[in-house]
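Asks: Fold the following for me, if possible:
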Amino acid sequence: MGNVLDYLAWRGDLSFAVSPFNEVDNVILSAVSYVDFTDCVPGIGEGSVTLKEASEKFFSLHDEKELRESRSFIRFAPFLLHAMMDTDRFSQMKLQNFYDVVDHEKELQFSAVELLTSDGISYVSFRGTDDTIVGWKEDFNLSYRIVPAELEAIRYLNRIHAGRSEKIRAGGHSKGGHMAVFAAAQCDEAIRQRIIAIYNNDGPGCNETFIDDPALEKISHLIHRYVPDTSIIGTLMDHISKPIILKSSAKGVMQHRPTTWDVLGTSFVRQPDFSTTGKVLQTALHDWIYQVNIKDRRQVVDDLFSVLEASGFDTVSELQENGLKAALPMLDRLDELDPKTQESTRLLFRTLADALEEADPLAQLREKLKTRLQAAKELRHEKKEAAEKQRQEQKEAEEKQRSEQKEAAEKQTQEQKEAVEKLRQEQRDAAVEKLQEQAEAAVEKLQAHAEAAVEKLSDTLEAMKEQYVAMKEQREAQTAEANPDPADKT
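Replies: Now for the predicted structure:
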């Protein structure tokens, strides 16, 4: 059985005049908007390029090896574009009005591109979500509010088709399919009159507020809705149109990828009903979403995706591939939820687990899964105990370390205190010794001065004595001369 890539190889040489536009063409054009056409396709009102030119430009800007190694759910899109480039049916198709905007504060992610087919009709392709957990959460957000991307879709359709006259096909995959329906219902009346078909390719439905909008009823006959037989996203919420159920070569959530849908000729291969697993999943999700009123639904969605994000994986396909590895951190996060919302989220997971078990005919496999789950629970319990023991040991070690550090600090403080006191004593002793030396030197100096003074004084007294004796002798001589001795006269 073939797929859309085989379709391009089989029928790519046929123009739309020979083989009219069909449902497989629709899916191919809806998937093209997954390509990041930045710097490859002109913006709104800036002209157009052929698909061949856009593809050549894209692969001149992006490394093919890196594109192939990507784990993204939409990694197929560039290679789908490359395959289209080599066909007569699509290579000369005009691409224009590329628009891409992301605003994290507004939680806005929107992108679209217009493709002009050779039959003269405009196909407005709205980009959907990939398989990132964040992207899937955006689809669930539609269950309780109008998201900014919906309003952007209306503005985009009105803006690019204002004043034009050609007929319009609007479509998209995943969230893009919902955007196509929403924009077609809410756009200007003059533009809505020119819409001939709306394609919702495995995209979510509408919440209970929008499903009753009369504008939706007016376009219901134009909606073509395609879903694989284990669809999840495509069966979320309420739909106004019945699904065309398709056969897929993939299992589980991977059926969401449109390149897995089986193609025969110009049509997809139909299935009479959803698979057992698909029915169970759809019922569980529907009951879970609608168990609370629309006002409280945001908390329910936030809780669910906080558990999924706790796995450490970014995509739903990684969750599917690493179920047991992802389960332990998810269970830990589930334990942290508010008790009220925790129970509803646990109920969803239990319902899904029971449903998948009932849908699996292999009893041995079920027992194996139960054993693995029990082992995971026991391992989780052991890890908790080990973590608690480690925390206690770490706490005791930290306390012991703090006590040792305190004792060491006190000992160091005492040693520093003693060292300071010893230094001060040494400084005092040195000062006393110095003062004593200075005093002794002063005494010696004073003694020397005293001795010199005494000697000088002695010399002075001796001189005075000699002077006195001389003066005495002189007086005696003078006296004798004035009073001569009679004996002398004789």
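Asks: From now on I want contacts and neighbour counts done on CA atoms only, so please keep to that.
Replies: Fine.
Asks: I figured Pro228 was touching Ser248, is that so?
Replies: Yes. If you go by CA atoms under 8 Å, Pro228 and Ser248 touch, sitting 6.2 Å apart.
Asks: Common neighbours of these two, please.
Replies: Gln255, Trp261 (CA atoms under 8 Å, 6 or more residues apart in numbering).
Asks: ok, those two, which is more surrounded?
Replies: The neighbour count for Pro228 versus Ser248, taken as other CA atoms under 10 Å, is higher for Pro228 (34 against 27).
Asks: distance of that one from Phe21?
Replies: As judged by CA to CA, to the nearest Å, Pro228 and Phe21 stand 21 Å apart.
Asks: and what of Glu426?
Replies: Applying CA to CA to Glu426 and Phe21 gives a distance of 107 Å.
Asks: same thing with Gly265?
Replies: The value you get for Gly265 to Phe21, if CA to CA is used, is 13 Å.
Asks: of those two, who's got more company?
Replies: Phe21 (16 against 13).
Asks: pLDDT score for the more buried one?
Replies: Per-residue pLDDT puts Phe21 at 98.
Asks: Could you report the distance from it to Asp13?
Replies: Counting by CA to CA - Phe21 and Asp13 are separated by 14 Å.
Asks: now Arg68
Replies: Taken as CA to CA, the span from Arg68 to Asp13 is 26 Å.
Asks: And the helix or strand hosting Glu444, what does it pack against?
Replies: For Glu444, the host element (DSSP states H and E) is helix 363-482. When contacts are defined as 3 or more CA pairs under 8 Å, 6 or more residues apart in numbering; DSSP states H and E, helix 363-482 sits against helix 323-336.
Asks: Could I get the CA-only coordinates of the helix it packs on as CSV?
Replies: C-alpha atoms of helix 323-336 as CSV (Å, rounded to 0.1, in the frame of the first residue of the first chain):
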residue,chain,number,x,y,z
GLY,A,323,7.1,4.6,28.7
LEU,A,324,8.7,2.9,31.8
LYS,A,325,11.6,5.4,31.9
ALA,A,326,9.2,8.3,31.8
ALA,A,327,6.8,6.8,34.3
LEU,A,328,8.7,7.4,37.5
PRO,A,329,9.2,11.2,37.3
MET,A,330,5.6,11.5,36.1
LEU,A,331,4.3,9.6,39.1
ASP,A,332,6.4,11.9,41.4
ARG,A,333,4.8,15.0,39.7
LEU,A,334,1.4,13.5,40.0
ASP,A,335,1.9,13.2,43.8
GLU,A,336,2.5,16.9,44.0
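Asks: Domain-wise, how is this structure divided?
Replies: Domain assignment of the chain by automatic domain parsing yields the ranges 4-274, 276-359.
Asks: Do a quick rundown of the strands in the chain.
Replies: With DSSP state E applied, the chain shows strands at 48-50, 94-103, 108-116, 122-126, 168-173, 195-201, 223-228, 244-246, 263-264, 267-268, listed in chain order.
Asks: The longest one packs against which elements?
Replies: Packing partners of strand 94-103 (3+ CA pairs under 8 Å, 6+ apart): strand 48-50, helix 51-61, strand 108-116.
Asks: ranking those by burial, who's on top?
Replies: strand 108-116 (a mean of 24; mean count of other CA atoms under 10 Å).
Asks: Only alpha carbons, please: show that one as PDB.
Replies: Provided in PDB are the C-alpha atoms of strand 108-116 (Å, rounded to 0.1, in the frame of the first residue of the first chain):
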ATOM      1  CA  LEU A 108       0.600  32.800  20.200                       C
ATOM      2  CA  GLN A 109       2.000  30.600  17.500                       C
ATOM      3  CA  PHE A 110       0.600  31.000  14.100                       C
ATOM      4  CA  SER A 111       1.800  30.400  10.500                       C
ATOM      5  CA  ALA A 112       0.100  30.100   7.200                       C
ATOM      6  CA  VAL A 113       0.900  30.200   3.400                       C
ATOM      7  CA  GLU A 114      -1.200  30.500   0.300                       C
ATOM      8  CA  LEU A 115      -0.800  28.100  -2.700                       C
ATOM      9  CA  LEU A 116      -2.300  28.800  -6.100                       C
END
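Asks: what is the mean pLDDT for that strand?
Replies: Mean per-residue pLDDT for strand 108-116: 93.
Asks: how much does that strand deviate in direction from strand 122-126?
Replies: Interaxial angle of strand 108-116 relative to strand 122-126 (axes from the mean of the first three to the mean of the last three CA atoms, to 10 degrees): 160 degrees.
Asks: hmm, who's touching strand 108-116?
Replies: Strand 108-116 is contacted by residues 29, 33, 93-103, 122-127, 147-149, 152-153 when judged by CA under 8 Å, 6+ apart.
Asks: Point out where the stretch 351-490 of the chain drops to low pLDDT.
Replies: The model of the stretch 351-490 of the chain has pLDDT under 70 over residues 351-377, 485-490.
Asks: Repeat the analysis, applying 90 as the threshold.
Replies: Applying pLDDT under 90 to the stretch 351-490 of the chain flags the ranges 351-391, 394-395, 398-399, 403, 408-410, 413, 417, 419-421, 423-424, 426-490.
Asks: The stretch 151-300 of the chain too?
Replies: Applying pLDDT under 90 to the stretch 151-300 of the chain flags the ranges 207-212, 231-233, 235-238, 251-254, 276-300.
Asks: hang on, the earlier thing: can you tell me which of the domains of the chain is nearest to Glu476?
Replies: domain 4-274 (136.1 Å; CA to CA).
Asks: Just give me how far that closest one sits from the chain centre.
Replies: Centroid separation for domain 4-274 versus its chain: 27 Å, with CA atoms, centre = their mean, to the nearest Å.
Asks: cool, stretch 258-277 as well?
Replies: 36 Å.
Asks: What's the end-to-end length of it?
Replies: 19 Å.
Asks: Contacts made by it with the rest, please.
Replies: 1-5, 7, 22-24, 27, 31, 76, 228-230, 244-250, 255, 355-356, 359.
Asks: filter these to the buried ones?
Replies: 2-5, 7, 24, 27, 31, 76, 228-230, 244-248, 250, 255, 355-356 (16 or more other CA atoms under 10 Å).
Asks: Quick one: the strands of the chain as a markdown table, columns for distance to Leu142 too.
Replies: Output for these, formatted as a markdown table (distance: least, CA to CA, whole Å):
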| stretch | distance to Leu142 |
| --- | --- |
| strand 48-50 | 33 |
| strand 94-103 | 17 |
| strand 108-116 | 13 |
| strand 122-126 | 16 |
| strand 168-173 | 15 |
| strand 195-201 | 15 |
| strand 223-228 | 18 |
| strand 244-246 | 22 |
| strand 263-264 | 30 |
| strand 267-268 | 28 |
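Asks: Mind checking those for the one nearest to Glu64?
Replies: strand 48-50 (20.6 Å).
Asks: And the closest one, what does it pack against?
Replies: Secondary-structure packing of strand 48-50 (3+ CA pairs under 8 Å, 6+ apart): strand 94-103.
Asks: send the alpha carbons of the strand it packs on over as CSV?
Replies: Coordinates of the C-alpha atoms in strand 94-103 are reproduced here as CSV (Å, rounded to 0.1, in the frame of the first residue of the first chain):
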residue,chain,number,x,y,z
LYS,A,94,2.6,29.7,-6.9
LEU,A,95,3.4,30.2,-3.2
GLN,A,96,2.7,33.6,-1.6
ASN,A,97,1.5,35.5,1.5
PHE,A,98,3.7,33.5,3.9
TYR,A,99,3.1,34.7,7.5
ASP,A,100,4.7,33.4,10.7
VAL,A,101,4.4,34.9,14.1
VAL,A,102,5.3,33.7,17.6
ASP,A,103,4.5,35.6,20.8
